[in-house]
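Q: The sequence and its predicted three-dimensional model are supplied below.
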Amino acid sequence: MSNNFTGLPENSLLIGDGKYPYHLSVGIVAVKDGKVAVLKRNMEGKGEIYLLPKETVQADETFRQAALRGLKEELGGKGKLISFVGSRPYQFMRGDVEIKKTVIYFLLEVSEIGERMPEENEKDDEVLWVDKKEAIELLSNKDNPEGFGWEGEFLSEILNS
């Protein structure tokens, strides 16, 4: 499907490709009963890492819609968006293309947890519900320099402010 304004494929504007190497996602800081959701993922070439759930924004949805969709798909949760809590740009390689990614983070209060509906490449992720101190420690990825260690510092800043 193409975007009527530019004639470009809609997904190339959000997920990144060789011609348009930009990726936009929402990050989810999901809290339920004092616990924070952390994903445990085995990433090819990086080993085991811990990260906050993220969801690629689709061309026809708002950030709020993407965050709530991500809550359902990644964690099997339902809840409400509380607030915007920050953003983070970074780069990663997709094949031989450097993709510039921006993640816009939201705090969500989870009211219930049901069945996850992850994408194929996320089915092996393990969802951990841990207290905030353990979440910060896990997200620091101290045993894996290839991990998203900055998410531990980020979480510490937003939960302790």
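A: Noted; the coordinates are in hand.
Q: mind listing the helices for this structure?
A: Using DSSP state H, the helices of the chain run over residues 63-75, 132-139, 150-159.
Q: Any buried residues in the second one, and which?
A: Within helix 132-139, the residues that qualify as buried by neighbour count (16 or more other Cβ atoms under 10 Å) are Lys132, Ala135, Ile136, Glu137, Leu138, Leu139. Heads up, the C-betas are built off the backbone N, CA and C, glycines and all.
Q: quick one: the fourth one and Gly152, what's the gap?
A: Glu137 sits at a distance of 7 Å from Gly152 (criterion: Cβ to Cβ, to the nearest Å).
Q: what touches both of the two?
A: Counting by Cβ atoms under 8 Å, 6 or more residues apart in numbering, Glu137 and Gly152 have no common neighbour.
Q: If I look at Leu8, what pLDDT would I see?
A: Note on Leu8: pLDDT of 49.
Q: Just the strands from the chain, written as ranges.
A: Assigned by DSSP state E, the strands in the chain fall at 22-32, 35-43, 47-51, 54-56, 77-94, 97-113, 126-131.
Q: and those as a markdown table, adding mean pLDDT?
A: As requested, the strands of the chain are exported to a markdown table (pLDDT from 0 to 100):
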| stretch | mean pLDDT |
| --- | --- |
| strand 22-32 | 93 |
| strand 35-43 | 92 |
| strand 47-51 | 90 |
| strand 54-56 | 92 |
| strand 77-94 | 92 |
| strand 97-113 | 93 |
| strand 126-131 | 96 |
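Q: For Pro145, which of those strands is the nearest?
A: strand 47-51 (10.0 Å; Cβ to Cβ).
Q: Mind listing the residues bridging to Leu81?
A: Leu108 (DSSP bridges).
Q: do Lys32 as well
A: Here Lys32 sits in beta bridges with Lys35, going by DSSP bridges.
Q: I'd like to know how many residues surround it.
A: Residues near Lys32, counting by other Cβ atoms under 10 Å, number 17.
Q: For Gly152, the count of nearby residues, please.
A: Around Gly152 there are 22 other residues, counting by other Cβ under 10 Å.
Q: I'd assumed Ile136 was in contact with it.
A: Yes: at 4.9 Å, Gly152 counts as touching Ile136 under the criterion of Cβ atoms under 8 Å.
Q: At the geometric centre of this protein, which residue do we find?
A: By Cα atoms, centre = their mean, the chain has its centre lying nearest to Lys54, at 1.4 Å.
Q: what's that one in contact with, if anything?
A: Ser25, Val26, Gly27, Ile28, Gly70, Glu74, Val103.
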